[in-house]
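A.B. asks: Predicted model and sequence below, questions to follow.
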Amino acid sequence: MDQKQFFKQMIDFNRATFNNSFNTLVMLEDQTERLSTAILDQATWLPEEGRKAIKDWVDTYKKGREEFKKAVEDSYNKVDEYFSS
């Protein structure tokens, strides 16, 4: 087996593993967000400023998560380009 082909297969396997793990974590985080939202809806004692802070925190976290995913995908694409040439 050609060394380049072997490394390409290894990178493809790592990419698939990352994507599966990342998607699993996203599902877990989304479920946790839904549960937290349900609890916050019942927490009448929490002021509106607190609710807004939590919502902003969740939105920032989601944005960071997507930026991380994009950075990893860009890195995998660069490695693909290297092994394709």
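C.D. replies: Noted; the coordinates are in hand. Numbering: from 1, shown residues only.

A.B. asks: buried stuff in the helix or strand Leu25 falls within?
C.D. replies: With secondary structure defined by DSSP states H and E, Leu25 is part of helix 3-42. By neighbour count on 16 or more other C-beta atoms under 10 Å, the buried set for helix 3-42 is Lys8, Arg15. Using the backbone N, CA and C atoms, a C-beta is placed for each residue, glycine as well.

A.B. asks: other SSEs contacting that helix?
C.D. replies: helix 48-84 (3 or more C-beta pairs under 8 Å, 6 or more residues apart in numbering; DSSP states H and E).

A.B. asks: Using neighbour counts, pick out the buried residues of the helix it packs on.
C.D. replies: Tyr76, Val79, Phe83.

A.B. asks: just checking, what packs against it?
C.D. replies: Checking 3+ C-beta pairs under 8 Å, 6+ apart, helix 48-84 ends up next to helix 3-42.

A.B. asks: separation between Phe68 and Asp74?
C.D. replies: 11 Å (C-beta to C-beta, to the nearest Å).

A.B. asks: which stretches of this structure have low pLDDT?
C.D. replies: 1 (pLDDT under 70).

A.B. asks: thinking again about what came up before, give me the distance between the helix holding Leu25 and the centre of its chain.
C.D. replies: Centroid separation between helix 3-42 and its chain, computed with C-alpha atoms, centre = their mean, to the nearest Å, is 6 Å.

A.B. asks: got it, and stretch 74-85?
C.D. replies: Computed by C-alpha atoms, centre = their mean, the chain-centroid distance of stretch 74-85 equals 21 Å.
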